[in-house]
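Engineer: here is my input; please provide its structure:
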Amino acid sequence: MKAVLRIIVFVPLALLILFFSMANRGPVRIGLDPFATSDAAGPSFEAPMFLVVLASMALGVLAGGVASWLGHLSVRRDAKIARSEAKKTRLEIEKLRQQALAQLPGDASGKASRRG
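Structural biologist: The predicted structure follows:
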């Protein structure tokens, strides 16, 4: 089912990117100096328009992913602390259970151990 869903999503997306790339092959000049007053001044380079757009989208997705990851650091830290506390609690419960079973009278402990 997941494979079919992936095909339904990714094949049209790949075709959309392919058609966009084919339609926007013309070169555009990318200026790297934000204070340049004309196209000739400052460092620049030419690249196909589709490459500029797709690279900008990829950088945006990457920046969003990093921002999200950094934003969830506190949540992951809290989850790690909660997991360690839960593990300690489980161990303590098991220890107390063993102590309670050891304190039961001989006849009842046999029944309790057979049930558990």
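Engineer: would you mind splitting the protein into its domains for me?
Structural biologist: 2-31+40-71, 83-115 (automatic domain parsing).
Engineer: out of the ones you listed, nearest to Arg77?
Structural biologist: domain 83-115 (10.9 Å; C-beta to C-beta). Backbone N, C-alpha and C define where each C-beta goes, glycine included.
Engineer: list the buried residues in the closest one.
Structural biologist: When burial is assessed from 16 or more other C-beta atoms under 10 Å, domain 83-115 yields no buried residues.
Engineer: mean confidence score for that domain?
Structural biologist: Per-region confidence: domain 83-115 scores 83 on mean pLDDT.
Engineer: how far is it from where the chain is centred?
Structural biologist: 40 Å (C-alpha atoms, centre = their mean, to the nearest Å).
Engineer: check stretch 72-88 too.
Structural biologist: For stretch 72-88, the distance to the chain centre is 18 Å (C-alpha atoms, centre = their mean).
Engineer: swap in stretch 19-29?
Structural biologist: On C-alpha atoms, centre = their mean, the centre of stretch 19-29 falls 31 Å from the chain's centre.
Engineer: now Leu32: phi and psi?
Structural biologist: phi -100, psi 0 (degrees, to the nearest 10).
Engineer: for it, give me its contacts.
Structural biologist: 42-45 (C-beta atoms under 8 Å, 6 or more residues apart in numbering).
Engineer: that older thread, the domains of the chain into TSV, with extra columns for distance to Arg77?
Structural biologist: Output for these, formatted as TSV (distance: least, C-beta to C-beta, whole Å):
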stretch	distance to Arg77
domain 2-31+40-71	12
domain 83-115	11
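Engineer: for Phe50, the count of nearby residues, please.
Structural biologist: 19 (other C-beta atoms under 10 Å).
Engineer: buried stuff in whatever helix or strand it lives in?
Structural biologist: Assessed by DSSP states H and E, Phe50 sits inside helix 49-71. With burial defined by 16+ other C-beta under 10 Å, the residues of helix 49-71 counted as buried are Phe50.
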